[in-house]
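In: Dropping a prediction and its sequence here:
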Amino acid sequence: MPSLKQEFSRYPGVYRSHEGQMSHLPIAIAATVLSIVVLTILYARGYRAGSALAQGLSLGVLAGLFVVGWFVFHNHANLNIGLRLTTMSAVAYFSEWCVVGIVIGLTYKPAS
């Protein structure tokens with residue numbers, strides 16, 4: 001999101017430059033894939049028959065709230081960043097994990 005990128009650039013003492021972030025992108029992608037795998041395992045363990053969309057969204061909302069509460073606002077308390085960046089990050093992460101939950105719900109097929 002360009003507006004989020006622009007907001008990050010206001011804190012050069014806290015966040016890596018764009019080039020620095022890009023050089024660490026493989027680590028970020030691997031960590032995200034790991035998180036999605038873990039979330040999929042949690043989904044499978046708690047799977048209940050019913051609407052895949054509703055269950056996936058429920059998982060995504062819970063994951064999004066967890067990330068916002070633990071990561072985003074934790075960063076706001078520990079890093080020298082403003083409330084605008086915190087709020088923008090919260091909306092972005094929450095939305096992203098809702099989408100991930102929906103995709104997991106719609107693609108998960110329990111073993112017969």
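Out: Looks like it arrived, so ask away.

In: Residue 62 versus residue 48, what's the distance?
Out: Per Cβ to Cβ, to the nearest Å, residue 48 is found 14 Å from residue 62. The way it works is simple: take the backbone N, C-alpha and C, and place the C-beta from them, glycine included.

In: Who are the contact partners of the residue most central in space within the chain?
Out: The centroid of the chain falls nearest to residue 93 when counting by Cα atoms, centre = their mean (4.2 Å). Neighbouring residues of residue 93 by Cβ atoms under 8 Å, 6 or more residues apart in numbering: 64, 67, 68, 71, 72.

In: burial count for the second one?
Out: Here the number of neighbours of residue 67 (other Cβ atoms under 10 Å) works out to 18.

In: list the helices and strands the least confident helix or strand in the chain by mean pLDDT packs on?
Out: Of all helical and strand segments in the chain, the minimum by mean pLDDT, DSSP states H and E falls on helix 2-8, at a mean of 80. Applying 3 or more Cβ pairs under 8 Å, 6 or more residues apart in numbering; DSSP states H and E, one finds that helix 2-8 makes contact with helix 83-107.
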